[in-house]
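Engineer: Next come a sequence and a model predicted from it.
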Amino acid sequence: MNTSLKGKIALVTGSNAGIGRAIAILLAANGASVGVTYLNNKDQGEATVALIREAGGKAELFQADVTNIEQIDALVCGVEASFGGKVDILVNNAGHLIERCPNSDMNEALYDQIMNVNLKSTVFMCKRVLPGMKEKGAGRIVNMSSIAAHNGGGPGASIYAASKAAVLSYSKGLAKEVAGDGITVNIVSPGFIGQTAFHATFTSDEARKATVNGIPLKREGTPDDVAGAVLYLVSDLGSYLTGESIEINGGMFMR
């Protein structure tokens, strides 16, 4: 068994930067044709595609709001038309905390925004690619949860944590539904991953240092740490795993 993805079509949502970019680059480096997506920052998306192409890989860029069903359909149609086939690998990386907000201040609009970008996007991206995977009798789906799904998250992140816990539970249920079709569904749950806009936006330097001091491996994770786990799950190496969550947190949380 090996990590070759030659001939496979991969779609990685939210892959213009950070963890998504690292995943897209690694899948392309192992032979996949990769659909790179962005919501707002086209320049970052173009940079990701350029990095892949400069290394000899295949990638195309697509803009999509993956909380919108019509845009999800257009995205998948675009990827399939560009690469001449159905999606073999889906990585639902798009997600967001949106903002830190205590429950006493939570409103319906913010609640919906958090749940939509994390859970709704995952559910309906999966639904859209499943017919093509079933037709092939094979497919790999990796959904993005978080250590917050286990520990409730940091201050003002309880709804985000709940949305990521829902992704975890949903993925296990979906794994049972589609296993007979040759499709695996797994989850990666990152802990404190540096070099991302998430912590640049929501985590102070003081909190960052305190968190790292509490990590048994004594360092932040990197986007490449997450990408390596995703590659394992979508390659032949992970062919007998489904409904599993890989915790990428340096020992912060051990099941």
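Structural biologist: Alright, I've got the coordinates.
Engineer: And the strands in the stretch 51-200 of the chain, which stretches?
Structural biologist: 58-63, 89-92, 139-144, 183-190 (DSSP state E, counting those that start in this stretch).
Engineer: Turn those strands into CSV, including mean neighbour count and mean pLDDT.
Structural biologist: C-beta coordinates here come from the backbone N, C-alpha and C atoms, glycine included. Formatted as CSV, the strands of the stretch 51-200 of the chain follow (neighbours: other C-beta atoms under 10 Å; pLDDT from 0 to 100):
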stretch, mean neighbour count, mean pLDDT
strand 58-63, 19, 98
strand 89-92, 28, 99
strand 139-144, 26, 98
strand 183-190, 24, 98
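Engineer: Could you export those strands as JSON lines, including distance to residue 9?
Structural biologist: Below are the strands of the stretch 51-200 of the chain laid out as JSON lines (distance: least, C-beta to C-beta, whole Å):
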{"stretch": "strand 58-63", "distance to residue 9": "9"}
{"stretch": "strand 89-92", "distance to residue 9": "7"}
{"stretch": "strand 139-144", "distance to residue 9": "10"}
{"stretch": "strand 183-190", "distance to residue 9": "14"}
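Engineer: Helix or strand with the lowest mean pLDDT in this structure?
Structural biologist: Lowest by mean pLDDT, DSSP states H and E among the helices and strands of the chain is helix 197-202, with a mean of 64.
Engineer: what's the next secondary structure element after that helix?
Structural biologist: helix 205-213 (DSSP states H and E).
Engineer: Just want the angle from the next helix or strand after that next one to strand 183-190.
Structural biologist: Downstream of helix 205-213, the next assigned helix or strand under DSSP H and E is helix 223-234. If you take axes from the mean of the first three to the mean of the last three C-alpha atoms, to 10 degrees, helix 223-234 sits at 160 degrees to strand 183-190.
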